[in-house]
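Trainee: Structure of the sequence below:
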Amino acid sequence: MQTHQDVILTGPCGSGKSFLASTLGQQACIQGYTVSYWSATKLFEHLKLCNADGSYLKELARFAKRALILIDDFGLEPLDASSRLSLLEILEDRHGRASSLFASQLPVSQWHQIIGDSTLADAICDRIVHTAYRIELKGESVRKLYAHRSAEQGKAER
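Mentor: You can find the predicted model right below:
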């Protein structure tokens with residue numbers, strides 16, 4: 001956080017991306033840093049509402065002041081024009097000044113496609129991808145493994 005480094009967590013559904021992101025966010029809070037945690041869908045809807053009610057610039061300023069912003073489930077749906085511009089503005093205000101963490105099921109190689117407009121996708125990825133620590137999680141869904149173990153325990157207890 002002191003070096004304003006970004007992090008990208010990728011991996012399949014259930015691999016622990018959200019858990020790891022929230023754990024890192026919690027540790028940052030414990031160390032006294034300000035943190036915001038958003039699912040990508042809710043973040044972009046929130047920013048559209050802020051744009052509609054006139055509080056958009058004030059909200060961007062609040063994002064710029066956070067030491068860490070965690071954006072979970074990035075890329076579950078393609079970004080529309082408004083979301084692309086909002087993301088670029090957030091990243092522009094934070095680049096080199098604060099840390100951002102993105103958690104996504106999509107590999108980074110597919111981000112241009114999900115972002116959309118190639119010029120904005122280049123600008124967004126340039127601010128995230130090239131300098132970020134990248135962690136790729138692998139393996140089966142942790143939820144699936146726990147569900148399987150719980151079912152086996154239930155059978156053993158009978």
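Trainee: so residue 70 is in which element?
Mentor: Assessed by DSSP states H and E, residue 70 sits inside strand 68-72.
Trainee: Please name the residues that touch residue 139.
Mentor: By C-beta atoms under 8 Å, 6 or more residues apart in numbering, residue 139 lies in contact with 11-12, 15. Bear in mind the C-beta positions are built from the backbone N, C-alpha and C, glycine included.
Trainee: And what about it, helix, strand or coil?
Mentor: Three-state assignment for residue 139 (DSSP: H, G, I helix; E, B strand; the rest coil): coil.
Trainee: Find me the pLDDT at it, would you?
Mentor: Confidence at residue 139, expressed as pLDDT, is 78.
Trainee: returning to what we had before: now, of the contacts of residue 139, which are buried?
Mentor: Neighbour-count burial (16 or more other C-beta atoms under 10 Å) applied to those gives 11, 15.
Trainee: want to throw the contacts of residue 139 into TSV with secondary structure?
Mentor: Formatted as TSV, the contacts of residue 139 follow (three-state DSSP):
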residue	secondary structure
11	coil
12	coil
15	coil
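Trainee: how about JSON lines for the contacts of residue 139, with distance to residue 32 and pLDDT added?
Mentor: JSON lines is the format used below for the contacts of residue 139 (distance: C-beta to C-beta, whole Å; pLDDT from 0 to 100):
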{"residue": "11", "distance to residue 32": "29", "pLDDT": "94"}
{"residue": "12", "distance to residue 32": "34", "pLDDT": "93"}
{"residue": "15", "distance to residue 32": "30", "pLDDT": "89"}
